[in-house]
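S.K.: what follows is a predicted protein model with its sequence.
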Amino acid sequence: MSLFIDKIHRLPRIWSNQELRKFAGLFKGDVVNVSAWQDADKEGGTYKEYFSQADSYTITNWKSEARGYQGGEEEIYLDLESDLVDSLRGRFDVVFNHTTLEHIFNVNKAFSNLCDMSKDVVIACVPFLQQYHGEYGDYWRFTPLLVKRLFEENGMELAYLSFNNHKGCSVYIFAIGVKNTEKWKGVFDYEFTCLDPEANRAEPYIGSLALSNAAYRLKVGAGRWVKKIVPK
């Protein structure tokens with residue numbers, strides 16, 4: 001049973017780490033990992049190592065319970081449900097947050113604070129499908145459309161969004177929002193099939209493998225087979 005539980009949680013974490021590695025080396029300036037605890041990537045490294053071009057790297061935490069504030073160097077005490085202090089507004093070039101927003105009841109306020117802390121980029125990893133884990137409070141799950149709207153309501157544009165689709169595992173959404181859209185046009189294409197109801201969906205629906213749906217898989221498989229044998 002323990003191996004099964006580890007698979008549920010470990011594969012999405014490894015996947016999200018791989019997603020972050022694709023882009024973290026592009027970002028310069030001041031980077032902050034919000035609600036970072038000890039900044040561990042759960043693969044034996046730290047997220048600080050991912051941001052190889054950063055000029056500075058800071059972490060924030062809240063209360064000492066629930067894996068929170070430790071009083072370490074380059075650590076800021078921050079409650080995401082409280083009003084942001086002026087000194088943190090626009091303080092960082094990149095704000096990174098991994099799987100903590102589901103534990104914050106006032107999630108709109110928390111997301112707004114993430115965006116207000118950033119001069120340009122916010123990177124967020126949130127659960128779409130995950131077992132309830134309420135030891136620290138567990139309130140929310142997120143859809144791709146919700147993530148897009150949260151960025152837009154805070155003056156940002158969704159530049160990149162992806163999700164893992166491991167069979168029988170938790171599903172994470174990895175998203176990057178930006179304020180300076182022109183700056184990142186050569187890096188991100190700002191196109192998202194999973195958010196376009198009119199698009200020809202080449203990728204599986206989010207969560208389609210985590211939740212068994214034999215009829216959907218048959219439909220997708222039949223559609224791909226027809227495309228191969230029927231000329232345009």
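M.R.: Nice, I can see it. Bear in mind the structure is a predicted one, so any value in this text is a computation, not a measurement.
S.K.: for the nearest residue to residue 183 once chain neighbours are set aside, helix, strand, or coil?
M.R.: Counting by C-beta to C-beta, 6 or more residues apart in numbering, residue 120 is the residue found nearest to residue 183 once chain neighbours are left out, at 7.3 Å. Yep, even glycine has a C-beta here, placed from its N, CA and C like the rest. Under the three-state scheme (DSSP: H, G, I helix; E, B strand; the rest coil), the conformation of residue 120 reads as strand.
S.K.: do the same with residue 32
M.R.: Here residue 32 is recorded as strand under three-state DSSP.
S.K.: what's near enough to touch it?
M.R.: By C-beta atoms under 8 Å, 6 or more residues apart in numbering, the residues touching residue 32 are 57-60, 76, 91-92, 94-96, 117.
S.K.: what of residue 63?
M.R.: Under the criterion of C-beta under 8 Å, 6+ apart, the contact list for residue 63 reads residue 69.
S.K.: and of the contacts of residue 32, the nearest to residue 185?
M.R.: Ranking the contacts of residue 32 by separation from residue 185, with C-beta to C-beta as the measure, puts residue 94 on top at 17.6 Å.
S.K.: so that closest one touches residue 51, yeah?
M.R.: Yes. Residue 94 is in contact with residue 51 according to C-beta atoms under 8 Å; the separation is 7.3 Å.
S.K.: what do those two both touch?
M.R.: Shared contacts of residue 94 and residue 51, counting by C-beta under 8 Å, 6+ apart, come down to 27, 31.
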